[in-house]
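> The sequence isn't on hand, but the structure is:
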């Protein structure tokens with residue numbers, strides 16, 4: 001069975017601000033015209049995070065703008081949306097968040113076989129010097145790639 005995956009939105013700030021581990025796929029409970037907005041790539045994950053309440057996982061602050069061709073039954077853009085996870089997955093994530101000081105961060109939203117999915121990860125906040133190190137590594141990699149490209153074209 002081939003899986004058709006189409007990435008809709010990625011949270012680029014997450015990799016910069018957190019050390020990410022334990023990636024997990026979850027479904028999203030959507031209402032009304034939200035899936036139409038998602039299919040138009042109208043999703044913003046920048047300030048979003050996942051919270052566990054009453055043994056249920058919810059994504060908070062995920063912005064899905066209003067569908068322009070919708071009617072009065074359009075959805076609210078920043079409402080809390082329930083995530084579809086198994087109980088044992090929720091318990092495992094809740095234990096790590098409570099004990100070890102991790103936070104749950106959404107990393108990307110994508111369509112998999114026509115259904116909206118979200119990838120969440122456990123994130124541990126980076127300190128300022130860690131962020132500086134990330135910037136330094138990125139700039140060094142750019143320089144290396146630039147030099148390699150120039151060497152290729154010299155031949």
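Arrived safely, thanks for sending. Since the model is a prediction, treat every value here as computed from it, not as a measurement.

> For residue 80, see how far away the most centrally placed residue in the chain is.
For the chain, residue 107 is the residue whose C-alpha lies nearest the centre (CA atoms, centre = their mean; 2.1 Å). Between residue 107 and residue 80 the distance is 19 Å, computed by CB to CB, to the nearest Å. Just so you know, the C-beta spots here come from the backbone N, C-alpha and C atoms, and that holds for glycine as well.

> same thing with residue 35?
Distance check for residue 35 against residue 80: by CB to CB, it reads 17 Å.

> Comparing the two, which residue is more hemmed in?
residue 35 (18 against 12; other CB atoms under 10 Å).

> How about that one, nearest residue that isn't a chain neighbour?
Distances taken as CB to CB, 6 or more residues apart in numbering place residue 116 nearest to residue 35, at 6.1 Å, with adjacent residues excluded.

> now swap in residue 27 and tell me
Ranked by CB to CB, 6+ apart and with sequence neighbours excluded, the top spatial neighbour of residue 27 is residue 84, at 3.5 Å.

> The one you found is in contact with residue 24, isn't it?
No - counting by CB atoms under 8 Å, no contact exists between residue 84 and residue 24, whose distance comes to 11.3 Å.

> residue ranges of the helices in the chain, please?
12-17, 34-39, 87-100, 128-154 (DSSP state H).

> Looking at those, spot the one closest to residue 53.
With CB to CB as the criterion, residue 53 lies closest to helix 87-100 of the helices of the chain, at 10.0 Å.
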